[in-house]
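J.: The sequence and its predicted three-dimensional model are supplied below.
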Amino acid sequence: MRSDYAEAILAKLDLMRKSSSSSLLSTTSKSVGAVSSLNNNAVIAKRNRTIDVSHFWDEKPEENQANLRNAVSALLSSLKSNYSVQAKTVSVGSAFGRTHLNVGYLEALMNSRIVVVAQRDGWEDHYRFFEGLVGGALVMTDPMWTLPEGFVDGENVIVYKSLEHLTQLIQQYLDPSNHSKRINIAMRGWELAMSRYRTWHLMESVFFGRILTP
């Protein structure tokens, strides 16, 4: 996990607790005072998210190893009549985008109810997996040989097996009847990412064989 995004999100959560504006929070919050007493995962769970589903990729038919990504962006674009969809990049890509924090991307992560991850064809692992998690969204990912340790399909992340399956999952988890279930899975993913996948967690695992600090 990139530390700059994790730290930026924690800083925004702190501001949400201190802010005199309640517009950042769902209407269930009675007052800023009530918010100030909540822990981070409770605050991020109560955030009012305006984007139903995001996939941060512009369709690029000419790009190698991007067939799945292109297909997912096309699929989500077809759902725009029913949902609020973000199916394009919102930050600078390439090496610069991966070494600099982008505020627009950070806001999009925190405003998305669902973030869909599509890895490059034949690749494993993707920055977006953890970025989506720390933004507090429900992350839906294409299959991996092995999910990162601790992640379980249906418990703290969702794995889609095909485009048709992805469509069904989006419809399922955006149904108002599944509002609490979506948030609970997202929060379990957020908690695991923040408690076991920060930079120092990796260093502690390498040097001491286990995670020592939260």
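T.: Received the coordinates, thanks.

J.: Go ahead and flag the most central residue of this protein.
T.: residue 132 (1.8 Å; C-alpha atoms, centre = their mean).

J.: in the protein, which spans are helices?
T.: Counting by DSSP state H, residue ranges of the helices within the chain are 3-18, 32-36, 40-45, 67-78, 94-97, 103-111, 127-134, 163-174, 179-196, 199-208.

J.: any idea which of the ones you listed scores lowest on pLDDT?
T.: Lowest mean pLDDT within those: helix 32-36, at a mean of 44.

J.: do you know how far the residue lying closest to residue 174 once chain neighbours are set aside is from residue 102?
T.: Closest residue in space to residue 174, ignoring its immediate chain neighbours: residue 52 at 5.6 Å, by C-beta to C-beta, 6 or more residues apart in numbering. For the C-beta atoms, the positions are set from N, CA and C on the backbone; glycine is no exception. As defined by C-beta to C-beta, to the nearest Å, residue 52 lies at a distance of 21 Å from residue 102.

J.: Check residue 142 too.
T.: From residue 142 to residue 102 the distance is 24 Å (C-beta to C-beta).

J.: Then residue 86?
T.: 14 Å.

J.: do residue 143 as well
T.: Remark: distance between residue 143 and residue 102 (C-beta to C-beta) = 28 Å.

J.: neighbour-wise, which of those two wins?
T.: Neighbour count, other C-beta atoms under 10 Å: between residue 143 and residue 102, residue 102 has more, with 18 against 11.

J.: send the alpha carbons of stretch 107-126 over as CSV?
T.: Output of stretch 107-126 as CSV, limited to C-alpha atoms (Å, rounded to 0.1, in the frame of the first residue of the first chain):
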residue,chain,number,x,y,z
GLU,A,107,-11.5,12.4,-3.7
ALA,A,108,-12.8,9.9,-6.3
LEU,A,109,-11.7,7.0,-4.2
MET,A,110,-13.4,8.3,-1.1
ASN,A,111,-16.6,9.2,-3.1
SER,A,112,-17.0,5.8,-4.7
ARG,A,113,-19.3,3.2,-3.2
ILE,A,114,-17.7,0.4,-5.4
VAL,A,115,-14.3,0.4,-7.0
VAL,A,116,-13.7,-2.2,-9.7
VAL,A,117,-10.2,-3.5,-10.1
ALA,A,118,-9.1,-5.0,-13.4
GLN,A,119,-5.5,-6.2,-13.6
ARG,A,120,-3.6,-6.2,-16.9
ASP,A,121,-4.1,-9.4,-18.9
GLY,A,122,-1.8,-12.1,-17.5
TRP,A,123,-0.6,-9.9,-14.6
GLU,A,124,-1.0,-10.3,-10.9
ASP,A,125,-1.4,-7.5,-8.3
HIS,A,126,-2.5,-4.0,-8.8
